[in-house]
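Enquirer: Show me the folded form of this:
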Amino acid sequence: MAESETNKDFPLSNLEFQCSILAVDDNTINLELMHKILEKEGFDRIFVCSDSRYVLDICKKNEINIVLLDLKMPHINGEILLPEIKRLFPGIHVIIVSALTDIQTVIKCMKSGAFDYVVKPIESQLLLSAVRRAQRILHLEKENQTLRKRTTSLKNPEVFQEIITRSRKMMDIFGSIESIAPTPWPILVSGETGVGKEMIVHAIHTISKFQGPFVSVNAAGLDDHMFSDTIFGHVKGAYTGADKDKRGLLQNASGGTIFLDEIGDLSISSQVKLLRLIQEGEYMPLGSEKVHYSDARIITATNQDLWSLQRSGKFRKDLNYRLRTHHIHIPPLRERMEDLPMLVEYFVEKAALIQNKEKPNIPEQMLRKLKTYFFPGNIRELRSIIFDAVSRNQSLSVKMIESKLQDQESDYTNRQPGDNDSSIVFPQTLPTLQQMSELLIQEALKRTNNNQTMAAERIGISQSALSRRMQKIKIEF
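Expert: Numbering: from 1, shown residues only. Model prediction:
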C-alpha cells in the first residue's frame, strides 16, 4: 500500500471536491495503470492496495471517498468486500473495476451498493468518467450536509426541500417565512420572472397551518368585471347568462389562502375592491347587495416594481402599503450563483429521467460558461436551457451551451422596450453622466460575473476602454 506524494497543480483547477481514492487489485500492473490515470488527471490523494485483507483498515485510517474495487482476488474477493465497505463506510462510493461482464454479476454488485461498474481492460476515459460522476455526487452530498446544518435552526425544513438552494440569502428568507407565515396579515412576494415565487407562496401556506385550501388566480388580463366574477362570484341574474349563483374563489379559499399572482396588472377599479377586502374583510358578489365576509389569508406576487407603478398612477398607494404588511423579495439567480451547480445537476437528472435517457455528464467548462450569463428568465430559463440541451444531445458540450445562450440573449436584446420585465426608473434628482456611467459599468460586470471582455461587449465599448473607465471612476472587482 502506498500513497501518491505528487502535489502539483490540478489540470482542472476548480475541482469541486478533492477526493481520496483507493484502488484495490491483486494485479500490480492494473494498480500502476489506475494510479497513473488518476495522477495525470490531477488527483493527488491516491492509495493502492494489492491485498484485499487491508482494505477496511485503509478506509478507516485515511477517510477514503472512492474505492476502485476488483472482484476476483485472493483472500477476500470483491463481491464479499463490497457490502462490508458499504456497511462500515456508507459514505464511500465503490466503483467496480472488473473483467467480469455477465449481467447477473453487475446486477448483484449494484444491489450491494456499487456506484458504477467499469469493465477491464481499463480505458482511461471510462474510468475517469465514473470517478468524476462519483466526485460530483460526493460534492453534492457535502453541500447537502452543509445545507442541513444551516436548516437545523428552521422549525419546518421539510417544507423547503423542493427549493434547490444553498444560498445564505435564501436561508434567511426561509427563516423569515417561518416567522410571518402564522400571522393573518397580507404578504407580498416580489421578484423577477422565473425566480420561484409560487414555490415560496406554497411554503408560506403550508407553514401557516391554515386549515382551508390553497386557491390561486392570475390577475394578469382580468378586467374589473372578470376579476369581481372570478374572486367574489355572482348571484343569479347578475348579468346576461348568469342563470345561477356562482361561488367565487375567495369563498372557495375560506379558512385557507388565496394567492393573487401578477398583482401589478390589476386595474384601478379592482384595486379598490381588493383594498376593501383587506381592510374590512368584506366583499359583495356581482349583483348582490348583501355583504359577505372572508377569513382567507391573502398573498400576492409580482415581478413589477409597485413603487414605480404607484408613482406613475397605475397602482394605489394605500393598497401598496396594505399588501406589503409582510414582504418577501426573492433574489434573482445571478445574485445566488452558488446555487447554479446544484440546479444544473437537478435539471439534467430530471430531464434525462423524463425522456428515459442516460444522464449525461456535466462538463466543468459548461458550468463556468453558464456562470457568465445574466439569466433574465432566472431559474425557469435555466430549466428550459438544460431541458432543451438534454433533449437535443446525448452529451452536453460547452459549444452547444454557448449557442443556446447566444440565442437566448438575442431574443432578450431584440424585445420591444415595453416587453422587458423592468425598465430604467430615474429618481427625482437625476444622476450625473459620470454616475450613470459608473452604474452602467457595475451592472454590466454583475451580469457577466465580472468578465470584463463580455461586459465591454454588452455596453458597446472595447475591453481596454472599459478598463480605462474603471480606473478613472475607481471601480474595482
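
Enquirer: contacts, neighbours, all on C-alpha from now
Expert: OK.

Enquirer: show me the contacts for Ala352.
Expert: Going by Cα atoms under 8 Å, 6 or more residues apart in numbering, Ala352 touches Glu358, Lys359, Pro360, Val390.

Enquirer: ugh, wrong one, Thr28
Expert: Contacts of Thr28 by Cα under 8 Å, 6+ apart are Ser50.

Enquirer: Quick check: it vs Leu82, distance?
Expert: 20 Å (Cα to Cα, to the nearest Å).

Enquirer: Is Glu402 in contact with Lys369, as I believe?
Expert: Yes - taking contacts as Cα atoms under 8 Å, Glu402 lies within contact range of Lys369: 7.4 Å.

Enquirer: Would you report the backbone torsion angles of Lys246?
Expert: Main-chain dihedrals, Lys246, degrees, to the nearest 10: phi -130, psi 130.

Enquirer: Name whatever forms a beta bridge with it.
Expert: Following DSSP bridges, Lys246 is listed with bridge partners His234.

Enquirer: Out of the contacts of Ala352, which comes closest to Ile298?
Expert: Ile298 has its nearest neighbour among the contacts of Ala352 in Val390, at 39.1 Å by Cα to Cα.

Enquirer: Helix or strand: which one has Lys273?
Expert: Assigned by DSSP states H and E, Lys273 falls within helix 268-280.

Enquirer: Can you name every helix or strand that that helix contacts?
Expert: Applying 3 or more Cα pairs under 8 Å, 6 or more residues apart in numbering; DSSP states H and E, one finds that helix 268-280 makes contact with helix 224-232, strand 282-283, helix 317-323.

Enquirer: Which of the contacts of Ala352 are buried, as a PyMOL select command?
Expert: Buried residues among the contacts of Ala352 (16 or more other Cα atoms under 10 Å), as a PyMOL selection:
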select buried, resi 359+360+390
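
Enquirer: Would you confirm that Ser216 belongs to a helix?
Expert: No - counting by DSSP: H, G, I helix; E, B strand; the rest coil, Ser216 falls outside a helix, being strand.

Enquirer: Which element, helix or strand, includes the residue lying closest to it once chain neighbours are set aside?
Expert: Distances taken as Cα to Cα, 6 or more residues apart in numbering put Phe259 closest to Ser216, at 4.6 Å, once the chain neighbours are dropped. Per DSSP H and E: Phe259 is located in strand 257-261.

Enquirer: ok, now Val97?
Expert: Per DSSP H and E: strand 93-98 holds Val97.

Enquirer: Rounded mean pLDDT for that strand, please.
Expert: The pLDDT scores in strand 93-98 average 94.

Enquirer: ok, that strand: who's next to it in the sheet?
Expert: Strand 93-98 pairs in its sheet with strand 66-69 (parallel), strand 116-119 (parallel), by DSSP bridges.

Enquirer: Those: lowest mean pLDDT?
Expert: Mean pLDDT per stretch puts strand 116-119 lowest among those, at a mean of 92.

Enquirer: Find out how far that one is from the centre of the chain, if you would.
Expert: 31 Å (Cα atoms, centre = their mean, to the nearest Å).

Enquirer: and the helix or strand that it is followed by with strand 93-98, angle?
Expert: Of the helices and strands lying after strand 116-119 in sequence (DSSP H and E), the nearest is helix 124-150. Here helix 124-150 runs at an angle of 160 degrees relative to strand 93-98 (axes from the mean of the first three to the mean of the last three Cα atoms, to 10 degrees).
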